[in-house]
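Asker: Need a 3D model of the sequence below.
(one chain, ligands or ions: 1)
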Amino acid sequence: MTSSSTTRLAITLVLSYAVVYVVKSLLKRDPPRSRSVALVVLGDIGRSPRMMYHAQSFAKHEFETYIIGYAGVKLPTSLLSLPRISILHIGTFPTFLSKLPFILVGPLKVIYQVLALTYTLTSKLQHTPEYIMVQNPPSIPTLAVVWAVSKWKGSKVIIDWHNLGYSILALKLGPKHPLVRIAEWFERKFGRKAFAHLFVTSAMKNLLEREFHLQGKREVLHDRPPESFHRSSAFESHQLFIDLRDDFSPLFSFFPKTEYPASTPFTRLERASSMYGTPQAIPDQETPAYRPDRPALLVSSTSWTADEDFSILLDSLSLYEKKAQHKAASTPENKLPKILMVITGKGPERDAYMKQFGQRQKVEKWEYVRCKSMWLSSENYSILLGSADLGISLHTSSSGVDLPMKVVDMFGCGLPVCALDFPCLDELVKDGVNGLVFRSAEQLSAQLESVLSGFPNSKLLRHLASSLHQESAKTPPAHYPPTHVEEDPSNIWTWTSWEVNWERVVLPLIATHAVLREDQL
Ligand SMILES: Nc1nc2c(ncn2[C@@H]2O[C@H](COP(=O)(O)OP(=O)(O)O[C@H]3O[C@H](CO)[C@@H](O)[C@H](O)[C@@H]3O)[C@@H](O)[C@H]2O)c(=O)[nH]1
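Answerer: Here you go, the predicted structure:
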């Protein structure tokens, strides 16, 4: 038998098997089970923080909660330890089929996803869920599958609009490409009607109401950090930097002298009596504290996708390096600090960009700046943000109406940011209050210079951080005046935790069956 007839036979077998299963399960009807929800994300579950937060909130409110998506990075224990959560993985597209010509792979992949998702939603759950919450994007084929399953099984659909799928495709193909037009039609057609729609910004809600004529309940659910996010204590930071020893080992010559476990590049044990204002200090015991000779720790977090241009960061660090070298030679008393730039996250463009960072560092003989990419566990990710001095966001929205989750994470950890400007950024970053907004590499480099002058006792850095240190809080920090857009109350600036925000916005939508605590009524 030739290899092409083997492939044909394999495809036919897989498809027939799946069709039989799907038809069999579709014929079996059982009414939706109240207080149950299936969360659908056609992506790596562990890299879909917002859907994981939704799952935790549903489960905490006693919903039987299924998360459907791809297996990938390790899920946080805060999620796995909850009762009533089941993770259902969708199989990935068989690799042997990926070798077929592109013209065949695209449609085959969509057919495969339709079958796999339909099969999971209709056969692998113990009961038909009362709600199906679907993340958009990706839109194709998820929105159509969820729509069809809900029609057949009677589940109510909640679309969680993170962004617009067709706008992401347009980044790659251009806005006028026929595939972009088809994707827009698809998103509009299958995204219009739902039991409820949630949006990450008011701007997205307004746009979709106007352009898509949405039907169903509609609420803005801004991203907010979970309650566990906080400014790290010196103890937590010290332990984290010890844990990251191997990651940091190639940079030892760049760091101040370090002797683990008594010191790390950023912290060291000190006699409690010599430390000022450390609440955990017990006289005469050695306690971790930040060392004054540490490099400034800058963090950016990303999925390394096309909508984030890391060459802006690269250019700005290169400019900073030049200024730092110049200052060290001309005015050593005003020396700028060294920078360790950590970029967390996984994604398609990581290797190419990190290569560029490495090359530039070598060619320009950097002395003041180093860059390191990392992937951390969820627990260590928030401790790193809570230990850092400044966050950097290069998020630009493909649709112009979504906001960077990473900045929300950073604010939750008391970390001010320098953020690249784009429409609707001001729903989150208040220039000069909780961060600084830049539009070019030159501007970012100038901001780094101002923010880090006098480090670790920089006045500007302290001023920006102080607006967030009032505990990433249950109440709006005093420095944050509400944004007065009176006709739309959802535009009023409030800073709460994810949990509080979710109970305020989502719980009332599903309240007929959810038990509301007295204080939520
Ligand atoms: N555990 C872990 N998570 C990480 C790490 N690095 C990044 N992340 C996760 O990856 C997110 C950043 O990924 P992006 O894809 O860059 O997200 P974004 O642009 O900031 O936000 C987008 O996604 C949100 C949620 O899906 C949307 O709500 C938002 O509007 C926007 O579209 C972070 O918020 C964090 O949850 C890491 O080392 N470890």
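Asker: list the contacts for the closest residue to residue 497 other than its chain neighbours?
Answerer: Sequence neighbours aside, residue 227 is the residue nearest to residue 497 in space, at 4.5 Å (criterion: CB to CB, 6 or more residues apart in numbering). Yep, even glycine has a C-beta here, placed from its N, CA and C like the rest. Residue 227 is in contact with 497-499, counting by CB atoms under 8 Å, 6 or more residues apart in numbering.
Asker: Next: residue 211.
Answerer: residue 188.
Asker: any low-confidence regions in the chain?
Answerer: Scanning the chain for pLDDT under 70 picks out 1-7, 10-11, 18, 21-29, 273-284, 470-494, 512-521.
Asker: Give me the residue at the spatial middle of it.
Answerer: The centroid of the chain falls nearest to residue 405 when counting by CA atoms, centre = their mean (4.6 Å).
Asker: what separates it from residue 80, distance-wise?
Answerer: 21 Å (CB to CB, to the nearest Å).
Asker: likewise residue 358?
Answerer: Distance from residue 358 to residue 80, by CB to CB: 36 Å.
Asker: cool, residue 34 as well?
Answerer: Separation of residue 34 from residue 80 (CB to CB): 25 Å.
Asker: So those two - more neighbours on which side?
Answerer: A count of neighbours by other CB atoms under 10 Å puts residue 34 above the other of residue 34 and residue 80, at 14 against 10.
Asker: I'd say that one and residue 130 touch.
Answerer: Yes - assessed by CB atoms under 8 Å, residue 34 is found in contact with residue 130 at 5.2 Å.
Asker: What residues of the helix or strand containing residue 385 count as buried?
Answerer: Taking DSSP states H and E as the definition, residue 385 sits inside helix 378-387. Buried positions in helix 378-387, judged by neighbour count with 16 or more other CB atoms under 10 Å: 378, 380-387.
Asker: same check, this time on stretch 456-475
Answerer: 456, 458, 460-461, 464-468, 472.
Asker: hang on, the earlier thing: most neighbours, which of the contacts of residue 227?
Answerer: residue 498 (24 neighbours).
Asker: For that one, which residues are in contact?
Answerer: Contacts of residue 498 (CB under 8 Å, 6+ apart): 53, 57, 223-227.
Asker: And residue 305, by the same measure?
Answerer: Shown in contact with residue 305 (CB under 8 Å, 6+ apart): 168, 347-349.
Asker: and of those residues, the nearest to the ligand?
Answerer: residue 347 (7.4 Å; CB to the nearest ligand atom).
Asker: could you measure residue 231 against residue 318, distance?
Answerer: Counting by CB to CB, the gap from residue 231 to residue 318 is 30 Å.
Asker: Flag every buried residue along the longest strand belonging to the chain.
Answerer: In the chain, taking DSSP state E as the definition, the longest strand is strand 33-44. For strand 33-44, the neighbour count (16+ other CB under 10 Å) marks 35-43 as buried.
Asker: farthest-separated two in those?
Answerer: Largest separation among the buried residues of strand 33-44 by CB to CB: 35 and 43, giving 26.0 Å.
Asker: Quick check: the residue nearest to residue 70 when sequence neighbours are not counted vs the ligand, distance?
Answerer: In space, residue 70 comes closest to residue 44 once its chain neighbours are excluded; the distance is 5.1 Å by CB to CB, 6+ apart. Computed as CB to the nearest ligand atom, to the nearest Å, the residue 44 to the ligand distance reads 10 Å.
Asker: Thought residue 74 was touching residue 44, still the case?
Answerer: No - between residue 44 and residue 74 there is no contact under CB under 8 Å: 10.7 Å.
Asker: Can you classify residue 373 as helix, strand or coil?
Answerer: Following DSSP: H, G, I helix; E, B strand; the rest coil, we place residue 373 in the strand state.
Asker: wait, it sits on residue 356?
Answerer: No - proximity of residue 373 to residue 356 does not meet the contact threshold set by CB under 8 Å, at 11.7 Å.
Asker: More neighbours: which of those two?
Answerer: Shown here are residue 373 and residue 356; by other CB under 10 Å, residue 373 has more neighbours (19 against 14).
Asker: Now tabulate the contacts of residue 498 in a markdown table and tack on distance to residue 206 and secondary structure.
Answerer: A markdown table is the format used below for the contacts of residue 498 (distance: CB to CB, whole Å; DSSP: H, G, I helix; E, B strand; the rest coil):
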| residue | distance to residue 206 | secondary structure |
| --- | --- | --- |
| 53 | 24 | helix |
| 57 | 25 | helix |
| 223 | 18 | coil |
| 224 | 20 | coil |
| 225 | 25 | coil |
| 226 | 27 | coil |
| 227 | 29 | coil |
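Asker: Now list the buried members of these.
Answerer: Buried, going by 16+ other CB under 10 Å: 53, 57, 223-226, out of the contacts of residue 498.
Asker: Ends of stretch 356-369, what's the gap?
Answerer: End-to-end distance of stretch 356-369: 14 Å, with CA to CA, to the nearest Å as the criterion.
Asker: swap in stretch 342-359?
Answerer: End-to-end distance for stretch 342-359: 17 Å, by CA to CA.
Asker: List of residues touching it?
Answerer: Residues contacting stretch 342-359 (CB under 8 Å, 6+ apart): 47, 73, 297-306, 310-311, 314, 371-376, 381, 384, 388.
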